[in-house]
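*Asks:* sharing a model prediction with you, sequence too.
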Amino acid sequence: MKLGESRQPERKMRQNWRDRIFEFWIDLTRLLACGGILCIFVFLGKEALVFLKAPEASQSLFQLAWFPSENRFGIMAMVVGSVLVVGLSLLQAWPIARASAIYLGFFSSPRTSVWLLGSLQLMAAIPSVVVGLFGLSFLLPILAVYFPPAFGLLVASFVLSFVLLPSLIINVHAMLVIDTDPLLEVGKSLGISTPSLIRKVILPQRRRFLRRALILGAGRAFGETLAVLLVAGNNIQLPKGLFEPFRTLNATIALEMSYAQGLHRSALFFLGLCLLLLVCVLRFLAGRENA
Amino acid sequence: MKLRLSTGLALFYVFAIGVAVLAPVLLHAPGALRLGFWLEEPVRMGRLGGVGPVIYSTLLINALTLTFVCLLGLPLAVGLARQPKTSSDWMTRWIRGCLDLLAATPSIVYGLFGFAFFGRVLGLSYSILSGSLTLSLMILPLFVRLVEDALAALDPDLRRTARSLGLSEWTATFKIYMPLIRPALLAALILAWTRAIGETAALLYTSGYSLRWPQSVFESGRSLSVHIFDLSLNVGGADAQAYRAAAVILILTAAFSFLSRFIIRGLTHGKTARSSQHNRKPESPLW
Amino acid sequence: MEKQQEALSTIENLSLRYGERTVLAEINMELFRGRISALLGPSGSGKSTLLYALADILPPGAHVSGRIYRKRPERIVGIVFQRPLPFPLSIFENVALALRERGFRKPEEQVAKALTQAGLWDEVKDRLHEAAATLSGGQQQRLCLARVLALEPELLLLDEPCSSLDPLATQAIEASLRDLSASTAILIVTHNIAQAARLASETLVLWPNPDGSRIVDRGKLHFLAANSDNTLVRSYLSGRIG
């Protein structure tokens, strides 16, 4: 049989219906991905508008007192609480995460690293509410003996730091070990010890990546609600010590949304919008991945 | 060797806390293994009895969420993976930016949005469907990211071959690419599951906290993590029950990651190539 | 023998750029039925890009000017790459997949024919339904060839098809290519000068330039190696450098 005579289908086939639907579906999901974040902004903004338009409400915005029944919506105590707990937890989590990542990347054998990273992924899968429960039913009773009532910044930031740690370590580790094998080889051949190579070359060279990991970690910390809520005590006040109850922005939304009405509810949406904007700013600061 | 010691200690510290957090959960696991605990209704707000309706709601929410995530996430990842990461195509960049923001959005904000949009605008009020929709929107960026990375790591010559043979995108995706990225797909699904089952804040005001057996997806149902939250915050003397519920979460997660291996194997056909041969880049980090 | 010298594809004045960077400039060439042409040139000279342009699989963002004439544009342009990349399917399905897409319900006959043309039939006829990954590297590469041949391509492009294979596997592929050259036009990119000398009746030398690579020489390899105007090309082709 000569080739020219054989039955030969056309090159540009009619696109079959499956493919058309598939392409259409892809475009639809694209639209949805873009629309999703837009929708979130629009709906939060729309709901918060009532609050922003009410003069007496927005006047009290930058005060400490949050008494929704008296139309006083001062968010500053909660802002300070949020910032403090996030700052303190990062202060605990960051050095540990960096050190652990260095150990995983340069000191443990590759086989062990795989196992350790696997267990870290398991730890990252622990629901944050379970970590909060651990703080509530285990840490607080012990500490309450010495520092009653023990609810407050210290326990909250400790719990939050453990919620952050597993994924933070995995992130930092990933950013540290990319393309470091040749560096280590060269270093060894020049007689530079691994520790000083890490301190003098690798860490400074990766500073930008580490900063990105830190900022993303801060974003996640601001987003965490319930683990903190369970151990924070939730009185709306400026925390005067490490064992004074305080409240975060997220906690206010979670606690009051169930009964909030009217202006109060709108104020809670405004808090949500603030959180969203804050996290977006952090994301922007972290920069693009491939920059 | 000082650096080695100190960094090792840091990692040890992390694992020590991990063990401390998990220890009470594991101690209560025997209580959670009682069959009655899985089937009975909670008594007195959950102080006594089991978590039957809660497990049922949780499974409903998770099944719906994973379905939505796959339906939306797979095509989106396929579409994105066609364009290289550094592409200057404005639309791709825009979509990636939006996904980035979605990934950064706090879960409580998702909860608010779900409450306002799915609950009120779409009229779903407090329902399992509203909760799953909210959750799937929240998990979507992570899932897309993982699947896209796996697709982008495939040898570009494979894509060129498929194009030159005139294979349709559908065939190329489901006969060639998906089987090759099966391990990554599995990891993405398991991760989506663990996020879904561990999430509380996004569900509080979307799927609600009814303790009854939900009759349909349009009714409210309490998920396990919401149950744990409620037990520890609002119900006194229920810590043991909360830990048992946490043990159930761990058991369900383990069971799911075990089961999903078989499901994925069935969906993507048994025969696969040694997929390392098709991968150009080493696997990218999960988080 | 008029049929033997039939030009199956003509490229006229083809230029190609990505954004500001011009990769190929003013490429002119003809591909004839019954002839194996070798495309030689240093790395980065755009050999692969030229193949992609011929096979119409350029990535988005490539700007092409000039014309590519094809005798029968409805036929596919087959392309085989450097690494063997079997689909994660059985040996049979690897070849049958594209045929099924084109509406062949029972592609057994075509599959057998393609596998025979690729010189693989005798080795795999008893294990057609095993996974393609169980084949050796050389066999996988011939499977990739068979996958393309099943669609009876008018042009067959090969991008360093043997660079990851041992000499025996290379020999098997080369034997198949010689048999195939009777019915199709074959263009093979290679870094292996000896392979080009063994296989090709015509050699094209693509040389990089700041304003885009051009085909600087064409003809018999041995003649070019001795007589090219360009000293570098002479050294390259005679194996003194590279």
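*Replies:* Perfect, I can see it now.
*Asks:* what are the boundaries of the strands in the chain?
*Replies:* Assuming you mean chain A. A:66-67, A:72-73 (DSSP state E).
*Asks:* wait, I meant chain B there
*Replies:* Using DSSP E, strands in chain B cover B:42-43, B:48-49.
*Asks:* Throw those into TSV and include mean neighbour count, thanks.
*Replies:* Heads up, the C-betas are built off the backbone N, CA and C, glycines and all. Shown next, in TSV, are the strands of chain B (neighbours: other C-beta atoms under 10 Å in any protein chain shown):
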stretch	mean neighbour count
strand B:42-43	17
strand B:48-49	14
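*Asks:* and of those strands, who's closest to C:S15?
*Replies:* Across the strands of chain B, C:S15 has its closest neighbour in strand B:42-43 (74.0 Å, C-beta to C-beta).
*Asks:* and that closest one, what other elements does it pack with?
*Replies:* strand B:48-49 (3 or more C-beta pairs under 8 Å, 6 or more residues apart in numbering or on different chains; DSSP states H and E).
*Asks:* as CSV, the strands of chain B with mean pLDDT would be great.
*Replies:* Shown next, in CSV, are these (pLDDT from 0 to 100):
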stretch, mean pLDDT
strand B:42-43, 86
strand B:48-49, 84
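*Asks:* need the pLDDT of whatever residue of the stretch 1-150 of chain B ends up closest to chain A.
*Replies:* Nearest to chain A in the stretch 1-150 of chain B, going by C-beta to the nearest C-beta, is B:P106, at a distance of 3.1 Å. B:P106 is assigned 93 on the pLDDT scale.
*Asks:* what's the distance between it and A:K200?
*Replies:* For B:P106, the distance to A:K200 (C-beta to C-beta, to the nearest Å) stands at 38 Å.
*Asks:* all helices for chain C, in order.
*Replies:* All helices of chain C, identified by DSSP state H, fall at C:47-55, C:91-101, C:108-117, C:121-124, C:137-149, C:167-180, C:193-199, C:221-227, C:231-237.
*Asks:* which residues does A:S113 contact?
*Replies:* For A:S113, the contact set (C-beta atoms under 8 Å, 6 or more residues apart in numbering or on different chains) comprises A:L104, A:G105.
*Asks:* one more: C:L97?
*Replies:* By C-beta under 8 Å, 6+ apart, the residues touching C:L97 are B:L165, B:L167, B:T171, B:K175, C:F87, C:L89, C:R147.
*Asks:* give the contact list for the residue of the stretch 1-150 of chain B closest to chain A.
*Replies:* A:F222, A:G223, A:E224, A:T225, A:N250, A:L275, A:L276, A:V279, B:A201.
*Asks:* for chain C, which residues are neighbours of chain B?
*Replies:* Those residues of chain C that sit near chain B, judged by C-beta under 8 Å from any C-beta of the partner chain, are C:52, C:55-57, C:59-61, C:76-79, C:81-90, C:97-98, C:101-102, C:131-133, C:144, C:147-148, C:151.
*Asks:* below-threshold pLDDT in chain C: ranges please.
*Replies:* Applying pLDDT under 70 to chain C flags the ranges C:1-5, C:241-242.
*Asks:* nearest to chain A: which residue in it?
*Replies:* Closest point on chain C to chain A, by C-beta to the nearest C-beta, is C:R102, at 3.8 Å.
*Asks:* what's the neighbour count on that residue?
*Replies:* When neighbours are defined as other C-beta atoms under 10 Å in any protein chain shown, C:R102 has 20 of them.
*Asks:* could you do C:L155 as well?
*Replies:* C:L155: 23 surrounding residues under other C-beta under 10 Å.
*Asks:* contact partners for the spatially closest residue to A:W66 that is not a sequence neighbour?
*Replies:* Distances taken as C-beta to C-beta, 6 or more residues apart in numbering or on different chains place A:I236 nearest to A:W66, at 4.9 Å, with adjacent residues excluded. Neighbour list for A:I236: A:W66, A:A77, A:M78, A:R247, A:T252 [criterion: C-beta under 8 Å, 6+ apart].
*Asks:* what do you get for B:V226?
*Replies:* Taking C-beta under 8 Å, 6+ apart as the contact definition, B:V226 lies against B:T200, B:L203, B:L204, B:S207, B:Y209.
*Asks:* how far does stretch C:6-25 stretch from one end to the other?
*Replies:* Start-to-end span of stretch C:6-25 (C-alpha to C-alpha, to the nearest Å) is 26 Å.
*Asks:* list the buried residues of that stretch.
*Replies:* By neighbour count with 16 or more other C-beta atoms under 10 Å in any protein chain shown, stretch C:6-25 contains the buried residues C:L8, C:S9, C:I11, C:L14, C:S15, C:L16, C:R17, C:T22, C:V23, C:L24, C:A25.
*Asks:* contacts for that stretch, please.
*Replies:* Stretch C:6-25 has contacts (C-beta under 8 Å, 6+ apart) with C:26-33, C:46, C:49-50, C:53-54, C:58, C:61-72, C:154-155, C:184-185, C:209, C:211-214.
*Asks:* swap in stretch B:234-246?
*Replies:* Against stretch B:234-246 from outside (C-beta under 8 Å, 6+ apart): A:127, A:130, A:133, A:136-137, B:24-25, B:27-29, B:31-32, B:37, B:45-48, B:51, B:54, B:224, B:227-228, B:231-232.
*Asks:* just the buried ones from the residues you listed?
*Replies:* Using 16+ other C-beta under 10 Å, the buried ones in the contacts of stretch B:234-246 are A:127, A:130, A:133, A:136-137, B:24-25, B:28-29, B:32, B:37, B:46, B:51, B:54, B:224, B:227-228, B:231-232.
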